[in-house]
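Student: When you get a sec, could you give me coordinates for this:
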Amino acid sequence: EVQLVESGGGLLQAGGSLRPTCEFSGLTFHDHAIAWFRQAPGKEREGVSCISSSDGHTYYADYVKGRFTISSDNAKNTVYLQMNSLRPEDTAFYYCAADTLLGLGHEYVSWGQGTQLTVPS
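Tutor: Model prediction:
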């Protein structure tokens, strides 16, 4: 059974930094991509970033490019999302997800429960 557990959300002021983590089990990371998505109240879920362990490829949504960095520690079965220069519009529930296909434009198969990030305006 695939499990993904997010942690590290919080309440931060604008301009701050945070690094939520996604610990996964029940899958072979080499054969999967791990992505971060987010959903703000009243809005649709949107892709943030994703990473492939097999070739190191990463993708970022335009609204986080240059501010967020995704990385992985394969030995720890963990994916990180370094978030810098946080803005109020980054406020959302952040989910990690796993799939065999890399990208942000399709529905991922497995999902975590999410972690909340709040950046007050």
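Student: my guess is residue 83 contacts residue 117, does it?
Tutor: Yes: in this structure, residue 83 is within contact of residue 117 by Cβ atoms under 8 Å, at 7.5 Å. Backbone N, C-alpha and C define where each C-beta goes, glycine included.
Student: So between these two, which is more surrounded?
Tutor: More neighbours surround residue 83 than the other of residue 83 and residue 117, with 26 against 22 (other Cβ atoms under 10 Å).
Student: Check what pLDDT that one gets.
Tutor: Among the per-residue scores, residue 83 holds a pLDDT of 98.
Student: cool, residue 53 as well?
Tutor: Here the pLDDT value assigned to residue 53 is 77.
Student: quick one: contacts for the nearest residue to it once chain neighbours are set aside?
Tutor: Among residues not flanking residue 53 along the chain, residue 29 sits closest, at 4.4 Å (Cβ to Cβ, 6 or more residues apart in numbering). Applying Cβ atoms under 8 Å, 6 or more residues apart in numbering to residue 29 gives the contacts 53, 72, 74, 77.
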